[in-house]
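Visitor: missing the sequence, but the structure's below:
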Ligand code: ZN
């Protein structure tokens, strides 16, 4: 069930919230709420000792897992390694992946899924400084 709330929406933006990250219910996907066109972002929580109940693979998308709290183990095909708060794991298409929480506290993470090889310009090669009046 989605707990994603749409908070603000304009012609050029969407602002949604999954609420408290520590209380994310299972997995929450935000692409439909934000109407994102370049990636899918999901928030996940695994209780102590839990793992995703299946391995999965993607045909065309890479995934970037960002661990926000807790610690655990990550498996890509037959490689296994430790992960913890601050870890970022990029997984290419065409391989199996799973993660497990081994800390006493729940593991919370964000997964960003985007088409492999699609990023061309970024940061300084895509951004430009503009002269907008600051209203903040
Ligand atoms: Zn996936």
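Guide: Arrived safely, thanks for sending. Computed from a predicted structure; not experimentally measured. Numbering: from 1, shown residues only.
Visitor: got a list of what the nearest residue to residue 92 once chain neighbours are set aside touches?
Guide: Of all residues not flanking residue 92 in the chain, residue 62 sits nearest, at 5.5 Å (CB to CB, 6 or more residues apart in numbering). All C-beta spots, glycine's among them, are computed from the backbone N, C-alpha and C. Going by CB atoms under 8 Å, 6 or more residues apart in numbering, residue 62 touches 90, 91, 92, 93, 113, 114, 115, 116.
Visitor: Distance check, residue 114 against residue 54.
Guide: Going from residue 114 to residue 54 by CB to CB, to the nearest Å gives 22 Å.
Visitor: Compare those two (neighbour count), which wins?
Guide: Counted by other CB atoms under 10 Å, residue 114 and residue 54 do not tie: residue 114 has more neighbours, with 17 against 7.
Visitor: Could you give the bridge partners of the more buried one?
Guide: residue 39, residue 62 (DSSP bridges).
Visitor: Does it touch residue 36 like I think?
Guide: No - with contact defined as CB atoms under 8 Å, residue 114 does not reach residue 36; the gap is 9.6 Å.
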